[in-house]
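Trainee: return a 3D structure for these sequence lines:
(chains A, B, C and D)
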Number of protein chains: 2
Amino acid sequence: MPPVTIRDVAKRLKLSITTVSRALDGYDDVAAKTRQRVVRAARTMGYVPSRAARQLRRQRADVIGYILPASGPHFTDPFFSEFIAGLGDAATSHNFDLLVSTAAPDSAAEKQIYARWVQSRLVDGIVVSRMRLRDWRARYLVKNKFPFVAHGHTLLTLKFPYIEIDSRAGFELLVQHLVARGHRRIGYIGAPANLTLQADRFAGYQNGLSAAGIAFDATLCAEGDLTRAGGYQAALQLLDLPTPPTALIGANDLTAAGAMRAARERGLTVGRDIAIAGYDGTDDSEHTQPPLTTLKQPVYDIAQRLVEMLVARIAGDALAAAQTVLQPVLIVRESTGGPSG
Amino acid sequence: MPPVTIRDVAKRLKLSITTVSRALDGYDDVAAKTRQRVVRAARTMGYVPSRAARQLRRQRADVIGYILPASGPHFTDPFFSEFIAGLGDAATSHNFDLLVSTAAPDSAAEKQIYARWVQSRLVDGIVVSRMRLRDWRARYLVKNKFPFVAHGHTLLTLKFPYIEIDSRAGFELLVQHLVARGHRRIGYIGAPANLTLQADRFAGYQNGLSAAGIAFDATLCAEGDLTRAGGYQAALQLLDLPTPPTALIGANDLTAAGAMRAARERGLTVGRDIAIAGYDGTDDSEHTQPPLTTLKQPVYDIAQRLVEMLVARIAGDALAAAQTVLQPVLIVRESTGGPSG
DNA sequence: CCTTTTTTCCAAAACGTTTTGGGGAGCGCG
DNA sequence: CGCGCTCCCCAAAACGTTTTGGAAAAAAGG
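Mentor: So this is what the prediction gives:
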């Protein structure tokens, strides 16, 4: 049985298509009684407007897009679960749908998806996350005047709305916390250098050191890839130094989790023999062994607010606060000695 | 600047719309030379077909839908990260897009989303996961003859294609493993009773016990909710029994992770004083402390295969293996004493 | 009772494709 | 030369909405 169209409803009611459409859309040039008839008939007949037709006519899709920076089997960063949940919930509550795709950062596939989405007007706005310092996505979207919002900024001189966590200040705080616990040799496991978050967090780390009067030592820094495996490898490297660090900061919680594992393998008890801290503060960090000291960013809220900003931008509203910067909050747990430590 | 349409391309080339369309779609009734001209012009002009128009005309969207069983901030089950990555990658490689929404199981919102998606032909197929014993979603989709595939079966007498892991056999195996390690008091932390996976895994647990000649003891069973917090609470309850279990099986890894935490809080060393095992086997399980014994299901592969089945079904192909049952593989790690234990 | 205004409805045009059902031109063949 | 074939191409219809620009009917005003 073919889906019921607006024409069917009109025919049944002996009304014009126009009237049915306008009745359903709540225009005031249709008699109250008629509207009621229409609404009732539409419901009992199970009429739902065709998305494609509506979309074609109105030139908008009521869909926002998000591309997961992942390709391949092993992808379990809780950050993104929570981020997607936030996007999804917010989208639904604004009567938008969420289109999700996956692509490895800077891959050909990624470019292709953006081109397709933008050109074919499949989505009418995009949320982009994990920004790169010179982010072609931002450049591309700005150039095409395509509505988008970002989680984080870039180095480019482009104007676009974003929400950002001041992770630089956060990492300063983290270093300060470790220094207060008596640490002087504090290692850092970063992310790929082209990521904004790496630039910020690394700068925060360095600032923190110099604020405490500790000389920066490049040998205490290693590059991870924001995964557990990357953190593990990098941590091993640092722990095997002649004079290993007594504290380790990971660019995110996953990195820190990998580092904890490496520490254990080297016979160290995390929280006593070595301090380890991360960044993100999703639920998982609370459940590591020992619980992880971390900087918490409100991932779900951010996702929600991003959607709200995007929806407003699609509607053409001027954005009140186009660039928002939030402060992360330091959560001290046992992996650095515990709250009272 | 308005997007370039097929009409623009046709006008520029002084060809008909028809010819341009057919040239691009690779019909063989257009001269090779003409096709070349068209293809080139389309590319240089940056022409991409309008999704809405194509969709309206062809009566299909090339979109598949998936609804995440979550609503609210705390949602970080790695199972779903990996599942979504699999869906996304597979969809992309079949030239489909993936529409994602979130809704709490059996909520009004969930019903509404299904109705909308199905009626408005927004998606032309749906992947449904975490099946319920009497799943209204399966019923609804079958009734509306809407293409879908499932991860797991139901109790209903409905025919639909699915992939399933024989978790019943898996749990038998798990019990057997624990018995071999000398355990007699084996606890079980389950999931809500309306879930198929709970029925299966619980049955497997019971079978395992009876195969080993151990009497089933209901006091050793508690209900979790597949989250870490749920596992934690349930485990506390079991550990505080007069004669607590010496081994604990969680319905999934998250449950087991929560149980591990509870055990530690009671001063037990996991893997020595108590054995704990889970189910899912995503990467996370390898990185708990101690690493978790688990039954591994190939989540990413399953997601990919589901998409393939769905795409085939949308295309109208008869499905070769409509119901697939895979065996989970037991991965023994230190949480139950280690491989050589 | 005629005019003006308001209320309620509608026909037709778009939106950008794909597909149907030809049709003209060139060629080979008798 | 005329016929049929093949090769390319195209006009027009259709997909299901929303929106524009009235028009008929009813109400109000004189």
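Trainee: contacts for stretch A:9-22 next, please.
Mentor: Residues from elsewhere that reach stretch A:9-22 (C-beta atoms under 8 Å, 6 or more residues apart in numbering or on different chains): A:6, A:7, A:29, A:30, A:34, A:37, A:38, A:41, A:42, A:45, A:47. To be clear about C-beta, it is placed using only N, CA and C from the backbone, and glycine gets the same treatment.
Trainee: for stretch A:46-54, same thing?
Mentor: With contact meaning C-beta under 8 Å, 6+ apart, stretch A:46-54 is reached by A:3-6, A:8-9, A:24, A:41, A:61, B:52-53, B:55-56, B:61, B:115-116, B:119-122.
Trainee: low-confidence regions, chain A specifically.
Mentor: Applying pLDDT under 70 to chain A picks out residues A:1, A:318-321, A:341.
Trainee: per-domain residue ranges of it.
Mentor: Here the domain assignment for chain A is A:6-49, A:63-165+A:299-326, A:167-297+A:330-336, based on automatic domain parsing.
Trainee: end-to-end on the last one?
Mentor: Domain A:167-297+A:330-336 stretches 19 Å from its first residue to its last (C-alpha to C-alpha, to the nearest Å).
Trainee: does it come close to chain B?
Mentor: Yes - for domain A:167-297+A:330-336, a contact with chain B is found by C-beta under 8 Å from any C-beta of the partner chain, at A:228, A:257, A:258, A:260, A:261, A:264, A:282, A:283, A:284, A:287, A:288, A:289.
Trainee: got a list of what the third one touches?
Mentor: This means residue A:258. Contact partners of residue A:258, counting by C-beta under 8 Å, 6+ apart, are A:224, A:227, A:228, A:229, A:230, A:231, A:232, A:233, A:234, A:235, A:250, B:287.
Trainee: please name the nearest non-neighbouring residue to residue A:299.
Mentor: Setting aside the residues directly before and after it, residue A:299 is nearest to residue A:82 in space (C-beta to C-beta, 6 or more residues apart in numbering or on different chains), at 4.5 Å.
Trainee: returning to that earlier point: now, the contacts of residue A:258 that are in helices?
Mentor: If you go by DSSP state H, the contacts of residue A:258 have A:228, A:229, A:230, A:231, A:232, A:233, A:234, A:235 in helices.
Trainee: return the member of the residues you listed nearest to residue A:147.
Mentor: Proximity of the ones in helices among the contacts of residue A:258 to residue A:147 (C-beta to C-beta) peaks at residue A:230, which lies at 33.6 Å.
Trainee: for the closest one, which non-adjacent residue is closest in space?
Mentor: The shortest distance from residue A:230 to any non-neighbouring residue, by C-beta to C-beta, 6+ apart, is to residue A:224 (3.7 Å).
Trainee: can you tell me which residues contact that neighbour?
Mentor: When contacts are counted by C-beta under 8 Å, 6+ apart, residue A:224 is found next to A:189, A:190, A:191, A:230, A:231, A:233, A:234, A:250, A:251, A:255, A:258.
Trainee: next to DNA strand D, which bits of the stretch 151-300 of chain A? Give me the list.
Mentor: For the stretch 151-300 of chain A, no residue is in contact with DNA strand D (C-beta under 7 Å from any atom of the strand).
Trainee: point me to the residue of the stretch 151-300 of chain A nearest DNA strand C.
Mentor: Relative to DNA strand C, the nearest point of the stretch 151-300 of chain A is residue A:160 (25.4 Å; C-beta to the nearest atom of the strand).
Trainee: pick out the residue in the stretch 201-341 of chain A sitting closest to DNA strand C.
Mentor: Closest residue of the stretch 201-341 of chain A to DNA strand C, C-beta to the nearest atom of the strand: residue A:314 (17.5 Å).
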